[in-house]
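> what's the 3D shape of this:
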Amino acid sequence: MRHPLGSSLLVSPLVVLVVALALAPTLAHAFFEQFFQHSEHHQQAQAPPTWDEQLEA
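Numbering: from 1, shown residues only. Reported below is the predicted structural model:
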């Protein structure tokens, strides 16, 4: 039998991880929606940088 404190210390990060994985698609979708709306709004003035340029910057 494992000590209750040890198992609770193990369970907490797992719960956080599961919640993060569950929320990740929603947060990512909302972020990209805002990002692409913002970039489309300013597309006339300046073309948005490519993914390679963003990674280098």
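
> mind checking which helix or strand of the protein has the lowest mean pLDDT?
In the chain, the helix or strand scored least confidently by mean pLDDT, DSSP states H and E is helix 51-56, which has a mean of 67.

> ok, Leu9 to Gln34 distance?
37 Å (C-beta to C-beta, to the nearest Å). No exception for glycine: its C-beta is placed from N, CA and C like everyone else's.

> same deal with Leu55?
20 Å.

> quick one, longest helix in this protein?
Longest helix in the chain, counting residues (DSSP state H): helix 4-41.

> can you point out the buried residues in that one?
Within helix 4-41, no residue counts as buried by 16 or more other C-beta atoms under 10 Å.

> rounded mean pLDDT for that helix, please.
Taken as a whole, helix 4-41 has a mean pLDDT of 82.

> distance check, Phe32 against Ala24.
Computed as C-beta to C-beta, the Phe32 to Ala24 distance reads 12 Å.

> before we move on, what about Gln34?
Taking C-beta to C-beta, one finds Gln34 at 16 Å from Ala24.

> please apply the same query to Val15.
For Val15, the distance to Ala24 - C-beta to C-beta - is 15 Å.

> which ones are touching Pro13?
Residues in contact with Pro13 (C-beta atoms under 8 Å, 6 or more residues apart in numbering): none are found.

> okay, and the common contacts of Phe32 and Ala24?
Common neighbours of Phe32 and Ala24 (C-beta under 8 Å, 6+ apart) do not exist.
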